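S.K.: Please work out how this folds:
(2 chains)
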2 protein chains.
Amino acid sequence: MTQPTTAVVFSGGMDSTTLAAHYHHAGNRLLLLSFDYGQRHHRELQAAATVARHYRAEHHVIGLTAVGALLPGSALTDPAVPVPDGHYAEPTMRATVVPNRNAIMASITAGIASARGAAVVALGIHAGDHAIYPDCRPEFLTALQACIDAALDGFPTPTVEAPFLHHTKTDIARLAAQLDAPLALSWSCYNGGALHCGTCGTCVERREAFADAHLIDPTQYATTT
Amino acid sequence: MTQPTTAVVFSGGMDSTTLAAHYHHAGNRLLLLSFDYGQRHHRELQAAATVARHYRAEHHVIGLTAVGALLPGSALTDPAVPVPDGHYAEPTMRATVVPNRNAIMASITAGIASARGAAVVALGIHAGDHAIYPDCRPEFLTALQACIDAALDGFPTPTVEAPFLHHTKTDIARLAAQLDAPLALSWSCYNGGALHCGTCGTCVERREAFADAHLIDPTQYATTT
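M.R.: Numbering: from 1, shown residues only, chains lettered A, B, ... in the order given. So this is what the prediction gives:
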């Protein structure tokens, strides 16, 4: 039997690293796709490459910097907009939305999956993303699959899977521990400095997940409060 | 009243040049987005820039060559696959499909439209595309809009318009003449040589459209048969 291939939208963060672990342990060949859209936390792409090497997986960084330059107003791509501190689900975190980002990344991944014979496109979106990011909600996932089905009618059509869609970040931390996912190699912080800042929305969420799961957090943060 | 902005998926071909003319004449500001996905007919991007200058329109070329390199098997991106000659609607033209291309380009354009305040994303797809290209059919358009609506819920959400969806290529040639669209500057040929080859699917379609509309074809073809 041929080993099935799963194409993973792969940021190198905690969620997509655990996602890669999930499909690796299920016996899938990994095709890991990261996206360089001019994100402030460009550092995550190094983390992605390191995790990919850990799994000896095929990994590509798709250059989308011309797209990022045309997306003003997001704290992740516009140097004029500061990254907000606070809790991930707070309204201030709206500033970190990059409009249509998951549709862009998933559409590219679906095209490549169709051409490369990957039956699954995997997204690491989870329940904690739903409040702020509309392109992480179940409704988006359903609409995305319908769009892929229509666009690839008569051609190999991948199925979009998001196994963590109803998981909390704490669930993901627990699963990562079970699967021995290399979370110490992953990168979350939106500020993209030398260390995780510890105070931006995604750092706060990362710290809470390990704490709530009663797991040792392997991350070195710049601030410990 | 502020002039409305329309973001056009703009290849520099006959359809999207006429599309730009359509929105220009309707009083819209144009935001023209072309995509470099490593297409063999890279020449079309020069044509796009020339048409953009004609309309004094904002124009950007979005680099997607890393995506094109991961889409083997299409005659438009894979040097190992020859461009088929013949009529556009023939089954051999399936070789020119780039999987999920319109979803990729439209998703990027929708994200930029949302960030840049363009209320419309315009696609030049038309009835002659339906047979071979699933991502040019009405079903795709409906699914695409639903995907954009879900992904941008709560954020500025563009409407996807495809005013030529039920037009033939001949209708487009006629409309271009009415609007004085600069079709002599546009580029169709999939082979991307110095001149239009005259025999590939899109050249055959282009020639037929002018002939059927009883219009002078401004295109210089390498072969006249």
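
S.K.: Can you tell me the number of residues neighbouring A:Met93?
M.R.: Applying other CB atoms under 10 Å in any protein chain shown, we find 24 residues neighbouring A:Met93. No exception for glycine: its C-beta is placed from N, CA and C like everyone else's.

S.K.: what sits against it?
M.R.: A:Met93 sits next to A:Pro84, A:Gly86, A:His87, A:Ile132, A:Gly201 when contact means CB atoms under 8 Å, 6 or more residues apart in numbering or on different chains.

S.K.: likewise A:Ala48?
M.R.: Contacts of A:Ala48 by CB under 8 Å, 6+ apart are A:Phe10, A:Ser11, A:Gly12, A:Ser16, A:Leu32, A:Ser34, A:His59, A:Val61, A:Trp187.

S.K.: Tell me the one among the contacts of A:Met93 nearest to chain B.
M.R.: Of all the contacts of A:Met93, chain B sits closest to A:Ile132, with 9.4 Å by CB to the nearest CB.

S.K.: Report pLDDT for the closest residue to that closest one other than its chain neighbours.
M.R.: Using CB to CB, 6 or more residues apart in numbering or on different chains and skipping the chain neighbours, the partner closest in space to A:Ile132 is A:Met93 (4.8 Å). We have a pLDDT of 82 for A:Met93.

S.K.: can you tell me which strand in chain A is longest?
M.R.: strand A:29-36 (DSSP state E).

S.K.: tell me the SS of the closest residue to A:Gly201 other than its chain neighbours?
M.R.: Nearest residue to A:Gly201, sequence neighbours excluded (CB to CB, 6+ apart): A:Tyr88, at 4.2 Å. A:Tyr88 falls in the coil class when you classify it by DSSP: H, G, I helix; E, B strand; the rest coil.

S.K.: Which strands and helices lie in contact with the lengthiest helix in chain A?
M.R.: Under DSSP state H, the helix in chain A containing the largest number of residues is helix A:101-116. On a contact count with 3 or more CB pairs under 8 Å, 6 or more residues apart in numbering or on different chains; DSSP states H and E, helix A:101-116 meets strand A:5-9, strand A:29-36, strand A:120-122, helix A:138-151, helix B:65-68, helix B:101-116, helix B:138-151.

S.K.: The third one and chain B in contact?
M.R.: No - judged by CB under 8 Å from any CB of the partner chain, strand A:120-122 makes no contact with chain B; its nearest approach is 10.4 Å.

S.K.: Mind listing the strands that strand pairs with, and their directions?
M.R.: Applying DSSP bridges, strand A:120-122 is found paired with strand A:5-9 (parallel), strand A:159-161 (parallel).

S.K.: the bottom helix or strand of chain A by mean pLDDT?
M.R.: Ranking every helix and strand in chain A by mean pLDDT, DSSP states H and E puts helix A:65-68 at the bottom, with a mean of 90.

S.K.: That helix: which residues count as buried?
M.R.: Residues of helix A:65-68 classed as buried: A:Thr65, A:Ala66, A:Val67, A:Gly68 (neighbour count, 16 or more other CB atoms under 10 Å in any protein chain shown).

S.K.: Setting the sequence-adjacent residues aside, check what's closest to the first one.
M.R.: Nearest non-adjacent residue to A:Thr65, counting by CB to CB, 6+ apart: A:Gly38, 4.7 Å away.

S.K.: separation between the one you found and chain B?
M.R.: A:Gly38 sits 12 Å away from chain B, going by CB to the nearest CB, to the nearest Å.

S.K.: Check what pLDDT that residue gets.
M.R.: Here, the pLDDT recorded for A:Gly38 equals 87.

S.K.: Which residues are in contact with it?
M.R.: Neighbour list for A:Gly38: A:Leu64, A:Thr65, A:Val67, A:Gly68, A:Ala69, A:Thr77 [criterion: CB under 8 Å, 6+ apart].

S.K.: export these to a markdown table and tack on distance to B:Gln46?
M.R.: Below are the contacts of A:Gly38 laid out as a markdown table (distance: CB to CB, whole Å):
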| residue | distance to B:Gln46 |
| --- | --- |
| A:Leu64 | 22 |
| A:Thr65 | 22 |
| A:Val67 | 21 |
| A:Gly68 | 24 |
| A:Ala69 | 21 |
| A:Thr77 | 28 |
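
S.K.: and A:Ala176, how many residues sit next to it?
M.R.: When neighbours are counted by other CB under 10 Å, A:Ala176 comes out with 24.

S.K.: Wait, it touches A:Thr17, no?
M.R.: Yes - under the criterion of CB atoms under 8 Å, A:Ala176 makes contact with A:Thr17 at 7.2 Å.

S.K.: Spit out the residues that contact the two alike.
M.R.: A:Leu183.

S.K.: Tell me who's in contact with A:Gln39.
M.R.: With contact set as CB under 8 Å, 6+ apart, A:Gln39 has these partners: A:Gly68, A:Leu76, A:Thr77, A:Val98, A:Gly192.

S.K.: let me fix that: A:Tyr88
M.R.: A:Gly128, A:Ile132, A:Gly201, A:Thr202, A:Val204, A:Glu205.

S.K.: quick one: the first one from A:Met93, how far?
M.R.: For A:Gly128, the distance to A:Met93 equals 11 Å [CB to CB, to the nearest Å].

S.K.: before we move on, back to that, CA atoms only for the least confident helix or strand of chain A, dumped as CSV, please.
M.R.: Output of helix A:65-68 as CSV, limited to C-alpha atoms (Å, rounded to 0.1, in the frame of the first residue of the first chain):
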residue,chain,number,x,y,z
THR,A,65,5.9,38.9,0.4
ALA,A,66,4.3,40.9,-2.5
VAL,A,67,0.9,39.9,-0.9
GLY,A,68,1.9,41.0,2.6
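
S.K.: How far off centre is it?
M.R.: Helix A:65-68 sits 18 Å away from the centroid of its parent chain (CA atoms, centre = their mean, to the nearest Å).

S.K.: Report all helices and strands that that helix contacts.
M.R.: When contacts are defined as 3+ CB pairs under 8 Å, 6+ apart, helix A:65-68 packs onto strand B:58-63, helix B:101-116.

S.K.: Buried deepest among the ones you listed, which one?
M.R.: Most buried of these, by mean neighbour count (mean count of other CB atoms under 10 Å in any protein chain shown): helix B:101-116, with a mean of 27.

S.K.: so that helix versus helix A:101-116, what angle?
M.R.: Angle between the axes of helix B:101-116 and helix A:101-116 is 170 degrees (criterion: axes from the mean of the first three to the mean of the last three CA atoms, to 10 degrees).

S.K.: average pLDDT for helix B:101-116?
M.R.: Here the average pLDDT along helix B:101-116 is 96.

S.K.: Kindly report the same for stretch A:150-165.
M.R.: Stretch A:150-165 comes out at a mean pLDDT of 97.
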